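>>> next come a sequence and a model predicted from it.
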Amino acid sequence: MRPAERPINMMRKPDRLVVEGVRRCLAGYATGDHGCWELALTLFERELGRSKARRAISDMSFFARDLHLHARRVFCLFPYDCPKLCQDECLIAAMVSAAQSGDGETLIAIAGALVEASGQEDICASARALAQSLSEIDLALSPVQAGALSLEDCPVKKLLRPN
């Protein structure tokens, strides 16, 4: 996906918080370092204030946990604070956006591309909870359209595969 085709905009606070929250939380699972979760908490507190961050980071943690537990594969994620957006990151944020806008068809399609069938109910519920908590603090993610999303493997991974 070229930058102009990405439905998620890292310049917008709601989109950036979802992507950066997932980056930090999943790094915690990958490394076993609790400092990664502390970075996610600090980011949400800095951006939202302590009281608004409380529920949002809780729902982010459950969402990231369900991604980790039910992933079809290892996700391609860029480092913290990277302004670029990988396809997997775009799809993950688009899943929350679809949940926020009530687009169940897109939510289920993305869930099917990212997580095993046994975890799709959990990830959809977690995406809806995160979407709701963001809505309650007036954070609306960029709208997504299913036709604008590519559900293939991340292009960065293709570069890393041997020919």
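Structure's in. What do you need? Numbering: from 1, shown residues only.
>>> every contact and neighbour count from this point should use C-alpha atoms.
OK.
>>> residues of the longest helix anywhere in the chain that come out buried?
In terms of residue count, the longest helix belonging to the chain (DSSP state H) is helix 50-70. Neighbour counts using 16 or more other Cα atoms under 10 Å place 52-53, 55-57, 59-68, 70 of helix 50-70 among the buried residues.
>>> of the residues you listed, which is the nearest to E116?
Top of the list for closeness to E116, among those and by Cα to Cα, is H70 at 5.6 Å.
>>> residue contacts, the closest one?
H70 sits next to V115, E116, S118, G119, Q120 when contact means Cα atoms under 8 Å, 6 or more residues apart in numbering.
>>> for those, which two are the farthest from each other?
Farthest pair in these (Cα to Cα) is V115 and S118. Separation: 8.1 Å.
>>> so which of those two has more stuff around it?
Per other Cα atoms under 10 Å, whichever of V115 and S118 has more neighbours is V115, with 21 against 9.
>>> the more buried one: what's it in contact with?
V115 makes contacts with L67, H70, A71, R72, R73, I123, as judged by Cα under 8 Å, 6+ apart.
>>> can I get the residues you listed in TSV with pLDDT and distance to M11?
Formatted as TSV, the contacts of V115 follow (pLDDT from 0 to 100; distance: Cα to Cα, whole Å):
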residue	pLDDT	distance to M11
L67	98	24
H70	98	29
A71	97	27
R72	94	29
R73	92	28
I123	98	25
